[in-house]
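In: Structure for this input, please:
(2 chains)
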2 protein chains.
Amino acid sequence: MKAFVANSSAIRAMFEEGKLMAKKYGSENVYDFSIGNPNVEPPHIVEEAIIDVLKTNRPIDIHGYTNNAGDEGVRQKLAEHINKLHNTEYDYKNFVLSAGAAAAMNVIFKTLLNPGDEVIVFAPYFGEYLRYAGNYDGKVVEVRPDPDNFLPDLEDFRAKITSRTKAVILNTPNNPTGAVYPEDTIIKIAEILTQKQNEFNTSIYILSDEPYRDIVYGGVKLPFVPRYYKNTFVTFSYSKSLSLPGERIGYALINKGMDGFDDIAAGLNVATRILGFVNAPSIMQRVLPYCLGATVDISIYEKNMEIFYDMLKELGFECTRPGGAFYLFPKALIEDDKEFCGAAKEFRLLIVPGASFGYPGHFRAAYCVSRDTIVNSYDSFKKLAEKYRR
Amino acid sequence: MKAFVANSSAIRAMFEEGKLMAKKYGSENVYDFSIGNPNVEPPHIVEEAIIDVLKTNRPIDIHGYTNNAGDEGVRQKLAEHINKLHNTEYDYKNFVLSAGAAAAMNVIFKTLLNPGDEVIVFAPYFGEYLRYAGNYDGKVVEVRPDPDNFLPDLEDFRAKITSRTKAVILNTPNNPTGAVYPEDTIIKIAEILTQKQNEFNTSIYILSDEPYRDIVYGGVKLPFVPRYYKNTFVTFSYSKSLSLPGERIGYALINKGMDGFDDIAAGLNVATRILGFVNAPSIMQRVLPYCLGATVDISIYEKNMEIFYDMLKELGFECTRPGGAFYLFPKALIEDDKEFCGAAKEFRLLIVPGASFGYPGHFRAAYCVSRDTIVNSYDSFKKLAEKYRR
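Out: Down below sits the predicted model:
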């Protein structure tokens, strides 16, 4: 664990430094774009649902253990909601309620991985994926992106698949780039995996990690990955869609007809128990049926994105316009992204080096912050740009 | 994972069988003592606290991320409560809020264990300990009890400690026996460990797993283990004290002055994050300060215990009277406890073989059930006894 703790200290140090800076300069004078902590209020239905759950059930039923995989009635309602959205034929057995997507991924990896099994990630990627796979001795293999649009380089992907490849993590809309993979990319990924499964006579599973599924812009329609590839899990969290990141509620979807479905479903159930989750928090399980289809006001994030994107472009930053999520991932103005993010602190800007996402030379700026933070950071970004543009 | 799933199937099979039996005979005619699921209502303060938290905070604050180790204000109030009870000097840094005791133990083992490190358990023990330690490649070493009172055989304990011993799990009040270790036992365990630490020049940690701390009978006073041994963690859950097992809220206490305190505290923080807990459910964190010192009505469990214990004694079962928790652990009437529990089903009795707790020849009967279930099971236990007493 000492190595993990040391690795974690960079972001923690930034967090601590942010707090110190806020104390020194006043929090309104520190422009903290470091953390993906939703700032848009949850929809009212969440509070109404909690009150109604309390009013209409016995406490012992609200707060008691559920099945490890979650309450069957709640899972069935979730299945019916997903069926309506995606024209699928799921029932409760296709869903395991989890303490968010992070929990769902741990539970899936505990079930799938044997030591040395390979897990493919597409750079840039959410750094925690390394830990989730590493917790079960999975070996992470990186695939490089097309630097212009942050879609995966599919020839590199094809070359990286081996007989030990057990899983591939997709994450679209993407953290940190905001990229949304078009249908064509999903189709090609599915084709390559199907070929490789046949070639090696193995089962390779997609984990489609979709906490930002509902946060998409300009009417973008997200392909539903399980429709394209049978061996697909979806991991979902209500952290972003409903602004409930502290409550730890989400799910793993186990696609119908997946190789080894029964063993895997039983495995997810047992893994939920023995890893100590036991069940997803029960009051939030009971709140879920009220909130199916609800989201926070996405237009707030979209407007933030437009203002922030236009501002950075005007200041000369190279940046790909995101299709979703709430991050920009511009190119740093020097090669060393860590030095660049260090220099940004001089101007009271907190941004995260691309190296934390397996992709140096860039930085991540989270715009799930107040509009004022974005607008008022203009001068600081201007000075940062001038420092390196001279 | 396939092995885990297969191992789990015995209790799951019983659970399924119980449901089938309830359908066939009517649930009032099936006497299910198999599961430790609290049946006493949570105290009213829990519901009042949830409503008050919703009324007096912004939703974004209630449901947002907290620190991985939990909200500092909540942890500080918890520390002050524990200080009052046990005359200690803790602050928030001594507490990590967790998704129950199961989560706390996983997080601690992730932090402490390297592959092959040994974890000592005292038989009979909660079977999940094998998985929690096994998740991090810990090797579990069993110590036998004094069969008359289920206290650990301290000479066997001394003999089982090696240079690879990293942790010892205490669980008092005990699941499955209901035994409460007296102060003298704790003092001797601490002495032995201190000697062995010196002998091997190692640090050996106690995990004092105390989900049943508040469920004690006849004014029994539980020794507070950290006062007797410096390298002590306490893992606690509100599942039983407040009847909130579905909500997944509890804590790990890191004793002041423990060897490697700073590294360990940082490790628990990171482990909480990377195992996918991220933080204990946030609304329940905020409910905690309202409920410090509250418990369910313990007298209900005590009365259940007395009736059940007297009944089984009358029927000729050998049984140690429990000091706490909500289980009896009588001797089976034949050597093969699995066969015995199988035979019990003929009389619509669901009881769990001692083998599931590392101690064959006994069975566990959970009395966190309605009074009627206990009273009405008399004829069935009578017939079961007669079957083997003839």
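In: Would you map the helices across the stretch 101-250 of chain A?
Out: Defined through DSSP state H, counting those that start in this stretch, the helices belonging to the stretch 101-250 of chain A, from first to last, are A:128-134, A:154-160, A:183-200, A:238-241.
In: Looking at the ones you listed, which one is packed in the most?
Out: Per-residue neighbour counts averaged over each of those give the maximum for helix A:238-241, namely a mean of 26 (mean count of other Cβ atoms under 10 Å in any protein chain shown). (Glycine included, C-beta is placed from N, CA and C.)
In: tell me which strands and helices it is in contact with?
Out: Contacts of helix A:238-241 with other secondary structure elements, assessed using 3 or more Cβ pairs under 8 Å, 6 or more residues apart in numbering or on different chains; DSSP states H and E, are made with helix A:100-112, helix A:282-291.
In: and the shortest one, how far from the chain's centre?
Out: Using Cα atoms, centre = their mean, to the nearest Å, we find the averaged C-alpha position of helix A:282-291 to lie 21 Å away from the chain's own average C-alpha position.
In: in it, what counts as buried?
Out: Of the residues in helix A:282-291, those buried by neighbour count under the rule 16 or more other Cβ atoms under 10 Å in any protein chain shown are A:282, A:283, A:284, A:285, A:286, A:287, A:288, A:289, A:291.
In: Against which helices or strands is that helix packed?
Out: For helix A:282-291, the packing partners by 3+ Cβ pairs under 8 Å, 6+ apart are helix A:44-56, helix A:59-63, helix A:72-86, helix A:238-241.
In: redo that, cut-off 7 Å
Out: For helix A:282-291, the helices and strands in contact under the criterion 3 or more Cβ pairs under 7 Å, 6 or more residues apart in numbering or on different chains; DSSP states H and E are helix A:44-56, helix A:59-63, helix A:72-86.
In: now those helices in CSV, with distance to chain B and mean pLDDT?
Out: Output for the helices and strands packed on helix A:282-291, formatted as CSV (distance: least, Cβ to the nearest Cβ, whole Å; pLDDT from 0 to 100):
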stretch, distance to chain B, mean pLDDT
helix A:44-56, 6, 98
helix A:59-63, 5, 96
helix A:72-86, 12, 98
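In: Let me know which of those is the nearest to residue B:200.
Out: For the helices and strands packed on helix A:282-291, distance to residue B:200 was read as Cβ to Cβ. The smallest value, 44.1 Å, belongs to helix A:59-63.
In: Nearest to chain B among the buried residues of helix A:282-291?
Out: Distance to chain B across those (Cβ to the nearest Cβ) is lowest for residue A:282, with 2.8 Å.
In: Count the residues that sit near the closest residue to the closest one other than its chain neighbours.
Out: Of all residues not flanking residue A:282 in the chain, residue B:246 sits nearest, at 2.8 Å (Cβ to Cβ, 6 or more residues apart in numbering or on different chains). Applying other Cβ atoms under 10 Å in any protein chain shown, we find 26 residues neighbouring residue B:246.
In: So for residue A:17, what's the pLDDT?
Out: According to the prediction, residue A:17 has pLDDT 79.
In: which stretch of helix or strand covers it?
Out: Applying DSSP states H and E as the criterion places residue A:17 in helix A:2-25.
In: Tell me the helices and strands packed up against that helix.
Out: If contacts are counted by 3+ Cβ pairs under 7 Å, 6+ apart, helix A:2-25 sits against helix B:261-274.
In: Go ahead and confirm residue A:76 touches residue A:92.
Out: Yes. Residue A:76 lies in contact with residue A:92 (Cβ atoms under 7 Å); the separation is 4.2 Å.
In: Those two - which one has more neighbours?
Out: A side-by-side neighbour count of residue A:76 and residue A:92, using other Cβ under 10 Å, places residue A:92 first with 20 against 16.
In: OK, contacts around the more buried one?
Out: Applying Cβ atoms under 7 Å, 6 or more residues apart in numbering or on different chains, we find residue A:92 in contact with A:72, A:75, A:76, A:79.
In: if we can go back for a sec, want to try TSV for the buried residues of helix A:282-291, with pLDDT as columns?
Out: Formatted as TSV, the buried residues of helix A:282-291 follow (pLDDT from 0 to 100):
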residue	pLDDT
A:282	98
A:283	98
A:284	98
A:285	98
A:286	98
A:287	98
A:288	98
A:289	98
A:291	98
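In: Alright, that wraps it up for me.
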